[in-house]
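Q: model the following, please.
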Amino acid sequence: MPLFPGCLQPAHAMAIQRNLVPALLGLTVAVTVAPLTALAQQGPSPTSRLTPQQQEQLFPEQKQLWLKHAQARMAAMQAGQRCVQAARNPEALRSCLKQERQSNMTLRRTHMADMRALMARYGIQMPDKRDRRLGPDGAGGGWKKGGGGAGPEV
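A: Below is the predicted model of the structure:
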């Protein structure tokens with residue numbers, strides 16, 4: 001059964017299927033394996049370096065920070081919902097969505113700063129955002145330079 005049953009040119013459909021399926025399979029493998037490899041290269045988690053007593057002390061503070069962050073996210077989502085419901089034209093909707101994106105970014109930054117401060121009190125240095133993105137060898141990977149909609153490098 002061809003992947004493109006409505007295609008009027010069976011030879012063209014078969015060529016697409018012959019080229020597209022292996023490419024998608026390769027992309028699926030690359031997207032699945034790359035994060036697992038990165039995790040394996042990172043080594044033990046920062047909290048595994050703590051003694052059981054330190055981990056026990058850290059847990060309630062960590063839990064409290066996550067609950068505070070969740071409550072702030074819910075409040076921001078409710079505000080965004082109210083804004084979208086009140087929007088009467090596309091410009092107002094765009095303004096709501098922009099405001100929601102900015103709010104989410106601020107919440108994430110605040111939460112990460114709070115987590116870094118908590119971890120620092122226990123002598124754990126959290127990696128900087130740039131360190132995580134670049135990986136151990138600094139190569140990065142990511143998207144091709146120059147745009148063109150080519151997607152990720154595989």
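Q: spit out the contact partners of residue 110.
A: residue 72 (Cβ atoms under 8 Å, 6 or more residues apart in numbering). Any C-beta I mention is one placed from the backbone N, CA and C, and that applies to glycine too.
Q: which pLDDT value goes with it?
A: Per-residue pLDDT puts residue 110 at 96.
Q: what ranges does this protein have for its helices?
A: 10-42, 52-86, 90-121, 129-134 (DSSP state H).
Q: the last one - what's its average pLDDT?
A: With pLDDT averaged residue by residue, helix 129-134 scores 58.
Q: same check, this time on the first one
A: Helix 10-42 shows an average pLDDT of 55 in the prediction.
Q: do the same with the longest one
A: Average pLDDT, helix 52-86: 94.
Q: what helices and strands are in contact with that helix?
A: helix 90-121 (3 or more Cβ pairs under 8 Å, 6 or more residues apart in numbering; DSSP states H and E).
Q: angle of the helix it packs on against helix 52-86?
A: Here the directions of helix 90-121 and helix 52-86 differ by 170 degrees (axes from the mean of the first three to the mean of the last three Cα atoms, to 10 degrees).
Q: got the buried residues for helix 90-121?
A: The neighbour-count criterion (16 or more other Cβ atoms under 10 Å) identifies 96, 100, 103, 111, 114-115, 118-119 as the buried residues of helix 90-121.
Q: from these, pick the one nearest residue 62.
A: residue 118 (6.6 Å; Cβ to Cβ).
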